[in-house]
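>>> requesting a structural model of the entry that follows:
(2 chains)
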Amino acid sequence: MERDVTFIALFAALIAILGLVPSLTLISGVPISAQSLGVMLAGTVLGAWRGALAATLVVVLVALGLPLLAGGRGGLGVFFGPTVGFLVGWIPAAFVAGLVTERLKRWPTFPAAAAGAVLGGILVLYIPGILGMAAILGKSLPEATLLSTPFIPGDILKAVLAGLVTATLARARPGSVPSRPAG
Amino acid sequence: MLALTSPVETWAHRIPPGPKLAALAVFSLAVFFVEDPVLMLLPLGFAAAGFAALGPVAARAGLRAIRPLWIFVAVLLVWHGATGELDRGLALSGRIVAAVAMATLVTMTTRLDDLMAFLTRALAPLRRLGLDPQVAVFAMALVIRFTPVLLARGRALREAWAARSPRRPTWRLVTPMAVAALDDAEHVAEAIRARGGLGSPQNEQET
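Just a heads-up that it's a prediction; the model follows:
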């Protein structure tokens, strides 16, 4: 159990620092916050339950007022803003990303984790995200979807990177990637 | 690590978190039903008075927390201006700003310790499901402790990158950061087990 708790806590910290570290360039010249990459990684590396709990920890700590979101944002205010669905959606997003990575046992790690990151980190994440935008901005669902589309290309890129990083981790620390047990 | 709580002690810090959170819930719900932009000035004025009462330093910090909303306000005003219902755009913008401002006010006037204690009490029913709320609180403490540690590791990696390459650091730094998180997790788990583990005494007798 100790191992579960520390893995969950350390990946929650990883999600936080990927938002706080000033912009790593993801593709040449375009700095995008790597925070949602951290959420995808929590799922693809830790698996469904641990990944979802890591995301939950970050969401709870943000609610308690810690500035863990990209740009040092945090506090209860975030939960009343238009992006609340994208924050709360991290929990099912990490869960599905982890579930897919765990279930695609026969696939090599890179495509399994990338598929998990796309399904969880994009498809599942955008459902509560768009619902939240629609509710708070008083827009219809198609209108809210339109407002979220500019972020999809960057998120696809992050999903591929999540797959690459997960595959590298599975090779570098074979016993320490719970979603892909060695052997 | 710095929480967003205002260090300037005020009367609002002394109200316990429970009533403050309940008041916030009532306020946000009430604001949701206001459709008239003129009437919306009332909750907005209420939130502004709250910040003003905290003094200039805290008020500036509060404004910083609300600033990222400008893009949404701009989208709403342009959108509804174009469709000829500027009233609705103003009401929606006012609603978001008022609710976020009030929630920020609660965060700024509640100490992290008080909120953690409140959360521990709120999580107590989990015990009946066989989950120990102390473990959840321990995990939170670990995140708070290790975020600065990993952040320092990330900065060191950036400096190492900058020493070798004229280009800006790319996503490739994410891999060593994740390796650091995995290694730290293994070491901390080992250290906790060596000190008797996380379970309560009864659990230890069972295993």
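>>> residue boundaries of the helices in chain B?
Along chain B, the stretches classed as helices by DSSP state H are B:17-32, B:41-54, B:56-66, B:70-82, B:86-108, B:112-123, B:133-164, B:174-194, B:201-206.
>>> reformat the ones you listed as a markdown table; add mean neighbour count.
The way it works is simple: take the backbone N, C-alpha and C, and place the C-beta from them, glycine included. Shown next, in a markdown table, are the helices of chain B (neighbours: other CB atoms under 10 Å in any protein chain shown):
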| stretch | mean neighbour count |
| --- | --- |
| helix B:17-32 | 15 |
| helix B:41-54 | 17 |
| helix B:56-66 | 17 |
| helix B:70-82 | 15 |
| helix B:86-108 | 23 |
| helix B:112-123 | 16 |
| helix B:133-164 | 17 |
| helix B:174-194 | 19 |
| helix B:201-206 | 8 |
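>>> now mean pLDDT and distance to chain A too, for these, in TSV please.
Listed next are the helices of chain B as TSV, based on pLDDT from 0 to 100; distance: least, CB to the nearest CB, whole Å:
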stretch	mean pLDDT	distance to chain A
helix B:17-32	87	6
helix B:41-54	88	11
helix B:56-66	82	6
helix B:70-82	86	5
helix B:86-108	87	3
helix B:112-123	84	5
helix B:133-164	88	4
helix B:174-194	92	4
helix B:201-206	44	9
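>>> now those helices in TSV, with distance to A:Leu87?
Formatted as TSV, those follow (distance: least, CB to CB, whole Å):
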stretch	distance to A:Leu87
helix B:17-32	16
helix B:41-54	21
helix B:56-66	15
helix B:70-82	15
helix B:86-108	13
helix B:112-123	18
helix B:133-164	16
helix B:174-194	21
helix B:201-206	33
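>>> between those, which gets nearest to A:Gly38?
Closest approach to A:Gly38 among the helices of chain B is made by helix B:174-194 (8.3 Å; CB to CB).
>>> of all the helices of chain B, which one is nearest A:Ile152?
helix B:70-82 (17.6 Å).
>>> and the angle from that closest one to helix B:86-108?
160 degrees (axes from the mean of the first three to the mean of the last three CA atoms, to 10 degrees).
>>> show me what contacts the nearest residue to B:Trp79 once chain neighbours are set aside?
Leaving out its chain neighbours, the residue that sits closest to B:Trp79 by CB to CB, 6 or more residues apart in numbering or on different chains is B:Gly89, at 6.5 Å. By CB atoms under 8 Å, 6 or more residues apart in numbering or on different chains, the residues touching B:Gly89 are B:76-77, B:79-81.
>>> pull the contacting residues for the closest residue to B:Val149 other than its chain neighbours.
In this structure, B:Val149 finds its nearest non-sequential neighbour in B:Asp184, 7.2 Å apart by CB to CB, 6+ apart. By CB under 8 Å, 6+ apart, the residues touching B:Asp184 are A:6, A:10, B:146, B:149-150.
>>> next: B:Leu182.
A:7, A:10, A:45, A:169, A:173, A:176-177.
>>> let's see 6 Å
Neighbouring residues of B:Leu182 by CB atoms under 6 Å, 6 or more residues apart in numbering or on different chains: A:173, A:176.
>>> and if you look at B:Ala180?
With CB under 6 Å, 6+ apart, B:Ala180 has these contacts: B:Arg153.
>>> name the helix or strand for the one residue sitting closest to the centre of chain A, please.
By CA atoms, centre = their mean, chain A has its centre lying nearest to A:Val39, at 2.0 Å. A:Val39 belongs to helix A:35-46 when assigned by DSSP states H and E.
>>> and the average pLDDT for that helix is what?
Taken as a whole, helix A:35-46 carries a mean pLDDT of 95.
>>> tabulate the CA atom coordinates of it in PDB.
Taking C-alpha atoms only, helix A:35-46 is exported to PDB below (Å, rounded to 0.1, in the frame of the first residue of the first chain):
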ATOM      1  CA  GLN A  35       0.200  20.100 -17.500                       C
ATOM      2  CA  SER A  36      -2.300  17.900 -19.400                       C
ATOM      3  CA  LEU A  37       0.600  15.800 -20.600                       C
ATOM      4  CA  GLY A  38       1.200  15.100 -16.900                       C
ATOM      5  CA  VAL A  39      -2.400  14.000 -16.500                       C
ATOM      6  CA  MET A  40      -2.100  11.700 -19.500                       C
ATOM      7  CA  LEU A  41       1.100  10.300 -18.000                       C
ATOM      8  CA  ALA A  42      -0.500   9.700 -14.600                       C
ATOM      9  CA  GLY A  43      -2.900   7.400 -16.400                       C
ATOM     10  CA  THR A  44      -0.600   5.700 -18.900                       C
ATOM     11  CA  VAL A  45       2.200   5.100 -16.300                       C
ATOM     12  CA  LEU A  46       0.200   4.400 -13.100                       C
END
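>>> could you give the angle of that helix to helix B:174-194?
Going by the same axes, to 10 degrees, helix A:35-46 makes 50 degrees with helix B:174-194.
>>> show me what helix A:35-46 is packed against.
helix A:2-20, helix A:48-63, helix A:90-103, helix A:109-118, helix A:152-172 (3 or more CB pairs under 6 Å, 6 or more residues apart in numbering or on different chains; DSSP states H and E).
>>> for B:Leu77, see how far away the residue nearest to B:Trp79 is.
5 Å (CB to CB, to the nearest Å).
>>> where in chain A is pLDDT low?
A:22-32, A:183 (pLDDT under 70).
>>> close to chain B: what parts of it are there?
A:1-3, A:5-7, A:9-10, A:12-14, A:16-17, A:21, A:24-26, A:57, A:64-67, A:74-77, A:80-82, A:138, A:161, A:165, A:168-169, A:172-173, A:176 (CB under 6 Å from any CB of the partner chain).
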